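In: Got a predicted structure plus its sequence, pasted below:
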Amino acid sequence: MRLELQKITKQFPGVLANDRISISVDKGQVLGLLGENGAGKTTLMNILSGLYRPDSGKILIDGKERVFRDPAQAIDAGIGMVHQHFMLVPVFDVTESVVLGNEPTKGPLGSFDRATARAQVVELSKKHGLHVDPDAKIESLPVGVRQRVEILKALYRKSDILVLDEPSAVLTPQETEELFDIIRGLAKGGTSVIFITHKLNEVIAVADKITVLRRGAVAGETTPKKATAAMLAEMMVGREVQLTVSRSKSKVAEPILQVQGLNVLNDAGGLAVNDATFEVRSGEILAVAGVQGNGQTELVEALTGLRLVDSGTVMLEKRALHAGSPREIAMAGVAHIPEDRNRDGMIKGMTVAENYILNTYHLPEYSKNGLLNRKAITAATEKAVKDFDVRTPSINTDIGSLSGGNQQKVIVAREFSRSVRLVIAAQPTRGLDVGSIEYIHRRIVEQRDAGAAVLIVSTELDEVLALGDRVAVMYEGRIVGILDAKEATRERVGLLMGGITK
Amino acid sequence: MSALKKFGAKVRVPALSISVALLVGALFIIFTDLEVLGKLLSDPIGALSLGVGRAAVAYSALFRGAFGDPATIEKAFASNGDIQVWARALRPIVESVVASVPLIFVGLGVSVAFRTGIFNIGGAGQFTMGAVGGTLAALFFGGGVTPAPVAIFLVMLFGLIGGAAWAFLPGFLKARVGASEVITTIMLNFIAGQFVFFLVSNFEFIQKPPRIQPVSKELSQFVDLPGILPIASLRLDIGIIVALLTAVAVSWFLFRSTRGFELRAAGLNIAAAKYAGMGAATSIITAMLISGAISGLGGAIVAVGTVKQLSPGIAGSVGFTAIAIALVGGTRPSGVVATALVFGLLQHGGGLMQVQTGIPIEMLLFIQALVIAFIAAPDLTLGILKNPFRRRPRAVAK
């Protein structure tokens, strides 16, 4: 075995993050490490990379026990991490980024030997089939290429055990395919790869061996040949899971949201949404796909009153919303599940009940003469907690202490507590466990069936394809295509996400 | 969690912070004593015992200055209700409470701003301008111009207005053009002091005759706040009652009213407050107005009731001590009142410590600063309780 972790245990206050986890990977093998958020994947990798010390258990490399006191020792042992969030300096070029920290030098003063560095980087990228321009500035590169630079960085440090943490989160489907080719190539060259993900199809596609983690322990081991997606999901969650959203055909009626020639600026003053025109009808879900950062955030903010509309119109039935405040828009019947629930959707430090009334506290049912009606608030929250199956010790618990799934359920409960004509849901299931995802999808489909128009923005292609009655794709601020569910194949949407409209 | 446990969890860090700060203060007393230092090498044990003795004497003086001398109190009980003896016995504790009155007001005032996420450093300036408002009201309406209760009411009202007006400016600037309230309120503190100087040295109807010193006339000839103790020579007036009522009102406002809900939401997460349709600008201005009004009310009450005179330095170090109090008290009204009482005890006790042992009252500032440092680092403070040899995890798993 190239690398073996034996019975790794790590206890944090109140959480057994890793409970006797054993995994192993051979030379030239790809291990898929599958698990939901909170299953202990990240803790395990932090132990492997020397950030944490395990409470007990051993790390063996080529059969010899190793103890990492800090990340430098792990790097020396050949372990290379590629983090989900890249650690690159935007104004450096590729060569500089790759050698940073281990620069070749020349002369008595030890000045940077650029020519050698460049040659080394070119050779390395040729050897492993990682095509990058060594002179390109990082900030000018697309995300997929930046990831290659990160991989090159690890290889430059002679890593032959490569750990990729959720590497496909920021990639288009095509870029993900290219990444898989790179991984296969590396494995063929003798590198061991640990591929961490929560996406079932990806491990089946690329791994030689799969280890599933659940609640800090190994829930099972298998190989892609024996495994099916349904089986892996069950292992991951601990019960049978419905992977597809069951929904009837939509009964599409009159248009509810009509957006015409919408232009929205980003914080820097650039055009973030460029001439968007679309409509969403009663009883249908329009899913907006796109790689993160292509104007989706600004589109949603503009529709919900959080960002000024530069020009264009937004009509909700007969009513103009493009100059509305967040409150006016919410009261007009728009439910908004925000993209970043920690930033916008809830207030940590406040209770579940306070978060439940966050945007309705001013209504007569909850306030009288400027005072909050605590009885009514308690009653309404108790009911919502029950209806939406929020697992919380009490409605007076700080929302910050709930799990992500339960926090999101509070937000969904709040937004669906009003009479809703239009649902705007941005990344409604990001970072949630499979069980909560299932639940929230079902609730959204219920709103559609009740006659609301639904706009879902998601960077997860699976979510877009599972929910959308129609699929719109955003690329660099433009809506580059709107497809019916029938035509919206993974390939077509993927190409549009990359800006290829043919 | 039971109510008692909850209470325990809330006061653990502040209580521990104050105790540890006093302990470190004691070490400071020991190791800054020249006699102790001189003997430290030749006779370490003698030096240390001398130092510990000195610290004990100092803290004993601090304690007697804060709460009263047990011997005197015993005498008072034996005196069969001799007013003079009782007054002497109770004076220290009463004066400690008097010292805490301005701290309660300004502590509550800045807490309202902190809760809204505004770092209002201008407690001193708002307090001073409240004192100006109260003084002017006393001069205009006191001395028999209006009936005494009306005059008292007007003193408080003008105090409120003075403080609120002074806080409005930074609030408005922050809401409108994003001017940092930290800078504007600090600047306005200086301006408020200089404004008082201008008033009390240029206007005959304000300045104390024969117009040599920059102070106002004796205000007790115009308005006197009624005392609340049966012993007239103990100067505890209705100010403390107003302070406690203000604390109750603030608590009510923050946790029961819709406006208070908005302010707390804005303070904890401004992005989510905007998402929920709350106006950020309104929240900022409202919070500053209320914050300033409370500090100003305190200024008026202290100027007219306690000091009975307006002077440029009326605020003293109240502004900064109040920030410490707000933080130690967790910006909770009950916490602020409790902490202000503790700081009042320290302040008044420190006076006796200085007189009896020559340890400067600045020592108390040092202890206060330590309290803030410990409060700001709760993990460090709680860590003191734990086994220092156990390794603590660097982070918590997601």
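Out: Sure, I can see it. Numbering: from 1, shown residues only, chains lettered A, B, ... in the order given.
In: Tell me who's in contact with residue A:185.
Out: A:128, A:129 (Cβ atoms under 8 Å, 6 or more residues apart in numbering or on different chains). Where you see a C-beta, it was placed from the backbone N, CA and C, and this is true even at glycine.
In: got it, and residue B:334?
Out: B:247, B:251.
In: thought residue B:96 was touching residue B:348?
Out: Yes - in this structure, residue B:96 is within contact of residue B:348 by Cβ atoms under 8 Å, at 4.2 Å.
In: Mutual contacts of the two, please.
Out: residue B:66.
In: Show me what the helix or strand in which residue A:454 is found is packed up against.
Out: Using DSSP states H and E, residue A:454 sits within strand A:453-457. With contacts defined as 3 or more Cβ pairs under 8 Å, 6 or more residues apart in numbering or on different chains; DSSP states H and E, strand A:453-457 has these neighbours: strand A:255-265, strand A:271-281, strand A:285-289, helix A:296-303, strand A:422-426, helix A:434-449, helix A:461-467.
In: In it, which residues are buried?
Out: By neighbour count with 16 or more other Cβ atoms under 10 Å in any protein chain shown, strand A:453-457 contains the buried residues A:453, A:454, A:455, A:456, A:457.
In: what about residue 115, how many neighbours?
Out: No chain specified, so I'll use chain A. Residue A:115 has 11 neighbouring residues, counting by other Cβ atoms under 10 Å in any protein chain shown.
In: look at chain B instead
Out: Residues near residue B:115, counting by other Cβ under 10 Å, number 22.
In: can you check residue B:128 too?
Out: The tally of other residues near residue B:128 (other Cβ under 10 Å) stands at 34.
In: what do you get for residue B:191?
Out: Residue B:191 has 14 neighbours, counted by other Cβ under 10 Å.
In: Name the surrounding residues that touch the helix or strand where it lies.
Out: Assigned by DSSP H and E, residue B:191 belongs to helix B:181-202. With contact meaning Cβ under 8 Å, 6+ apart, helix B:181-202 is reached by B:113, B:118-122, B:124-126, B:128-129, B:131-132, B:166-167, B:169-171, B:173-174, B:206-208, B:211, B:214-216, B:288, B:310-315, B:319.
In: Apart from its neighbours in sequence, what residue is nearest the residue in the stretch 251-400 of chain A that chain B sits nearest to?
Out: Nearest residue of the stretch 251-400 of chain A to chain B: residue A:327, at 2.8 Å (Cβ to the nearest Cβ). Leaving aside its chain neighbours, residue A:327 sits nearest to residue B:277 (2.8 Å; criterion: Cβ to Cβ, 6 or more residues apart in numbering or on different chains).
In: so how far is residue A:360 from that neighbour?
Out: Distance, residue B:277 to residue A:360, using Cβ to Cβ, to the nearest Å: 9 Å.
In: can you give me the angle the strand or helix carrying residue A:383 makes with helix A:434-449?
Out: For residue A:383, the element it lies in under DSSP H and E is helix A:374-387. With axes from the mean of the first three to the mean of the last three Cα atoms, to 10 degrees applied, the angle from helix A:374-387 to helix A:434-449 works out at 110 degrees.
In: shaky segments in the chain?
Out: Just so you know, I chose chain A. Applying pLDDT under 70 to chain A picks out residues A:14, A:241-246, A:502.
In: I was after chain B.
Out: Using pLDDT under 70, chain B drops low at B:1-2, B:379, B:381-398.
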